[in-house]
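Participant: My questions are about this predicted structure, shown below with the sequence.
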Amino acid sequence: MTLIKSVKGITPKFGKNCFLADNATITGDVVMGDNCSVWFSAVIRGDVHYIRIGNNVNIQDNVTVHCTYKKAPVEIGNNVSIAHNAVVHGCTIKDNVLIGMGAIIMDHVVIENNSIIAAGSVVSKGTVVESGSVYAGVPAKKIKSVDVKLLEGEINRIADSYNMYASWYME
């Protein structure tokens with residue numbers, strides 16, 4: 001059963017139709033929207049600051065979402081996929097974003113709409129990823145723009161697929 005823990009009297013809140021894997025951990029000041037999924041061994045720790053998660057967000061296996069005490073909360077928009085083993089820390093991720101496997105997103109980063117962070121990338125503290133961009137590397141830099149093929153074929157396809165996968169577990 002999912003480990004859901006209150007911290008300092010604040011209990012995580014979830015929207016409608018969310019799938020939470022049996023061994024996911026969600027603590028403290030976390031508010032999640034509708035049609036979200038949190039996969040196996042993912043950890044969402046709202047113990048030192050707040051975490052807000054929009055609708056249609058998937059947080060895949062082994063992802064860590066955390067904040068910096070009193071300085072950097074996490075805000076995640078709608079239609080966001082955070083792939084396996086990523087670390088999302090004290091940042092803002094807007095709508096229609098794909099965070100690749102193993103990527104690290106540091107404090108005070110802002111990832112604007114319709115963007116992709118490539119697998120294995122490290123987005124350095126304070127970076128602003130411009131809307132419609134693909135960033136890659138260590139440190140991550142813009143390598144190209146997101147075209148319709150990437151938006152529909154990757155960002156939207158993955159988000160939609162995770163809703164389907166979650167439905168398999170909720171039958």
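Facilitator: Perfect, thanks for sending it.

Participant: how many other residues sit next to residue 167?
Facilitator: Each residue near residue 167 was counted by other Cβ atoms under 10 Å, and the total is 12. Just so you know, the C-beta spots here come from the backbone N, C-alpha and C atoms, and that holds for glycine as well.

Participant: swap that for residue 6, sorry
Facilitator: Neighbours of residue 6 under the rule other Cβ under 10 Å: 11.

Participant: Residue 154 too?
Facilitator: A count of neighbours around residue 154, defined by other Cβ under 10 Å, yields 16.

Participant: the helices in the protein, which residues?
Facilitator: Along the chain, the stretches classed as helices by DSSP state H are 148-150, 157-169.

Participant: Give the buried residues for the last one.
Facilitator: Translated: helix 157-169. Buried residues in helix 157-169, counting neighbours by 16 or more other Cβ atoms under 10 Å, are found at 158, 159, 162, 166.

Participant: Reformat those as a markdown table; add pLDDT.
Facilitator: As requested, those are arranged in a markdown table below (pLDDT from 0 to 100):
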| residue | pLDDT |
| --- | --- |
| 158 | 96 |
| 159 | 96 |
| 162 | 97 |
| 166 | 97 |
